[in-house]
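Asks: Here's a sequence, model it:
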Amino acid sequence: MFKSVSLPLVFVAAVASAQTTTLKVIPPPADVAAPPADAAKTASGLASKVIAPGTGKTHPGRTDLVTVDYTGWTTDGKMFDSSISRGKAACFPLDKVIAGWTEGVQLMVDGEQRRFWIPEALAYQGKREPKGTLVFDVKLISFAELKAPSDVKAAPADSKKTSSGLAYKVLQPGVGGRHPKPSDKVTVHYSGWTTDGKMFDSSVARCAPIDFPLDGVIPGWTEGVALMVEGEKTRFWIPQQLAYKGQQAPYGMLVFDVELIKIN
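Replies: Predicted coordinates for the structure are as follows:
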């Protein structure tokens with residue numbers, strides 16, 4: 001939203017890789033050796049148990065970008081990987097990890113914590129370490145689609161429109177009643193597309209929210225984000241006169257999905 005940027009997507013080839021640095025050891029769960037009787041099991045052999053329910057209502061799709069905290073153990077209780085020990089959540093496209101993760105995380109909702117027992121056939125298939133069944137505690141922090149929304153070509157009939165021509169639709173309500181002022185600094189996650197569905201910029205794909213003063217961006221953002229509250233996710237259809245005014249690419253109307261994380 002500052003200028004047009006061509007971005008490579010951030011990919012993580014696999015989770016649960018053996019670590020070359022020493023991590024703080026997190027003790028294994030008591031049932032690390034095998035799933036308990038009350039664990040759910042899928043047709044593929046994946047077993048799981050909800051440790052803490054989430055607050056979300058929807059599940060990530062196979063190709064969504066997910067952000068998680070996790071710890072992994074072998075069935076003898078040895079920890080081999082942990083985003084918690086590293087102090088940084090992991091972010092990756094769900095179809096670019098081991099099969100047990102691709103299947104399992106799709107069962108979850110935002111905020112949920114779940115324990116997985118992943119058989120070797122759904123992990124590294126005996127081709128590399130760690131071998132055998134792997135046990136993971138996973139917390140799904142958030143997820144987002146990377147593909148263009150179905151209504152990217154034009155604002156739908158149920159969207160709202162301001163006098164300037166900005167159209168928008170709330171995708172997820174936020175909390176509180178405070179709206180940012182143009183002079184405020186905000187923290188957001190966003191993705192932007194042209195109306196032909198081409199993504200041209202995304203903090204989500206970079207796995208890194210961005211901070212900026214609200215009066216230092218294109219007019220459609222200054223106006224639109226000021227309508228939001230913290231925690232809200234909104235889709236904006238920004239006409240060219242409120243974007244780059246035909247002076248630079250991307251041209252024409254731009255579509256953004258924006259999550260307002262924090263008003264600083």
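
Asks: Could you count how many residues lie near Gly72?
Replies: 24 (other CB atoms under 10 Å). (Each C-beta comes from the backbone N, C-alpha and C, glycine too.)

Asks: Thr42 now?
Replies: For Thr42, using other CB under 10 Å, the count is 13.

Asks: doesn't Glu103 make contact with it?
Replies: Yes. Between Thr42 and Glu103 there is a contact under CB atoms under 8 Å: 6.7 Å.

Asks: so what sits against both of those two?
Replies: Residues touching both Thr42 and Glu103 by CB atoms under 8 Å, 6 or more residues apart in numbering: none at all.

Asks: which residue ranges form the helices in the stretch 101-250 of the chain?
Replies: 219-225 (DSSP state H, counting those that start in this stretch).

Asks: Any regions of it where pLDDT drops low?
Replies: Scanning the stretch 101-250 of the chain for pLDDT under 70 picks out no residues.

Asks: What sits closest to Lys24 if chain neighbours are left out?
Replies: In this structure, Lys24 finds its nearest non-sequential neighbour in Ser85, 4.5 Å apart by CB to CB, 6 or more residues apart in numbering.

Asks: ugh, typo on my part, it should be Ile141
Replies: Thr67 is the one closest to Ile141 (CB to CB, 6+ apart), at 4.4 Å.

Asks: After the helix or strand encompassing that neighbour, which helix or strand is next? Please name it.
Replies: For Thr67, the host element (DSSP states H and E) is strand 65-74. Of the helices and strands lying after strand 65-74 in sequence (DSSP H and E), the nearest is strand 79-82.

Asks: Please name every helix or strand in contact with the helix or strand just after that following strand.
Replies: For strand 79-82, the succeeding helix or strand toward the C-terminus, using DSSP H and E, is helix 83-86. Using 3 or more CB pairs under 8 Å, 6 or more residues apart in numbering; DSSP states H and E, the elements in contact with helix 83-86 are strand 65-74.

Asks: how does it look with 10 Å?
Replies: Helices and strands touching helix 83-86, as assessed by 3 or more CB pairs under 10 Å, 6 or more residues apart in numbering; DSSP states H and E, comprise strand 65-74, strand 134-144.

Asks: Just give me how far the shortest one sits from the chain centre.
Replies: The one in question is strand 65-74. 13 Å (CA atoms, centre = their mean, to the nearest Å).

Asks: and the nearest residue to Met199 once chain neighbours are set aside, what does it touch?
Replies: Nearest non-adjacent residue to Met199, counting by CB to CB, 6+ apart: Trp193, 5.3 Å away. If you count contacts by CB atoms under 10 Å, 6 or more residues apart in numbering, Trp193 has them with 147-149, 152-153, 199-202, 250, 253-257.

Asks: What of Thr195?
Replies: Contacts of Thr195 (CB under 10 Å, 6+ apart): Ala148, Val152, Lys153, Ala154, Trp237, Pro250, Gly252, Met253, Leu254, Val255.
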